[in-house]
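*Asks:* what would the 3D arrangement of this be:
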Amino acid sequence: MVKSTHSHLERSGSKSKGFYIYGLYDPSGELRYIGKCQTSLYRRLQSHKAPSQTKLHTHRSNWITGLLKLGQQPIIGLIQEFQSPEDLCMAEQYWIKYFTNVGCRLTNITSGGEGAPG
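*Replies:* All right, here's what the predicted structure looks like:
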């Protein structure tokens, strides 16, 4: 298991609306998911925990559901911030590849860049 201890990661849900690449961590600090959003990190975390999302049966939603059943919560952290959305897809792909290459057990099922930012 690789725990992310990179100094460039900010563990904060206080960011307001912007364009972000974020990570979801388990309570032990292990990075498990990379995503992109254009809403506050707090709001994005809440949407990941919403019943409509936890019923999707994806690797990510199964992981989050498992945490919630144990009375635990995923933690969201800022990885990179942008002034506009143009670079989000490429940045998401970069970070998924980077963290996979350093040994993180990500729940992402694709290489990133698909879909609209959450």
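
*Asks:* what is the neighbour count of N62?
*Replies:* If you count neighbours by other C-beta atoms under 10 Å, N62 ends up with 13. C-beta coordinates here come from the backbone N, C-alpha and C atoms, glycine included.

*Asks:* for the residue nearest the centre of the chain, helix, strand, or coil?
*Replies:* Nearest to the geometric centre of the chain sits G23, at 3.2 Å (C-alpha atoms, centre = their mean). Secondary structure, DSSP: H, G, I helix; E, B strand; the rest coil: G23 is strand.

*Asks:* tell me how far it lies from Q72.
*Replies:* To Q72, G23 is 16 Å away according to C-beta to C-beta, to the nearest Å.

*Asks:* again with G29
*Replies:* Relative to Q72, G29 is positioned 12 Å away (C-beta to C-beta).

*Asks:* so what does the helix or strand of the chain with the lowest mean pLDDT touch, helix or strand wise?
*Replies:* Sorting the helices and strands of the chain by mean pLDDT, DSSP states H and E puts helix 51-54 at the bottom, at a mean of 80. Packing contacts for helix 51-54, counted by 3 or more C-beta pairs under 8 Å, 6 or more residues apart in numbering; DSSP states H and E, involve helix 59-69.

*Asks:* just the buried residues of the host helix or strand of L78, please?
*Replies:* Using DSSP states H and E, L78 sits in strand 75-82. Neighbour counts over strand 75-82 (16 or more other C-beta atoms under 10 Å) mark 75-80 as buried.

*Asks:* stretch 57-71 too?
*Replies:* 60-61, 63-65, 67.

*Asks:* closest to I96 out of these?
*Replies:* Nearest to I96 among the buried residues of stretch 57-71, counting by C-beta to C-beta, is R60 at 12.2 Å.
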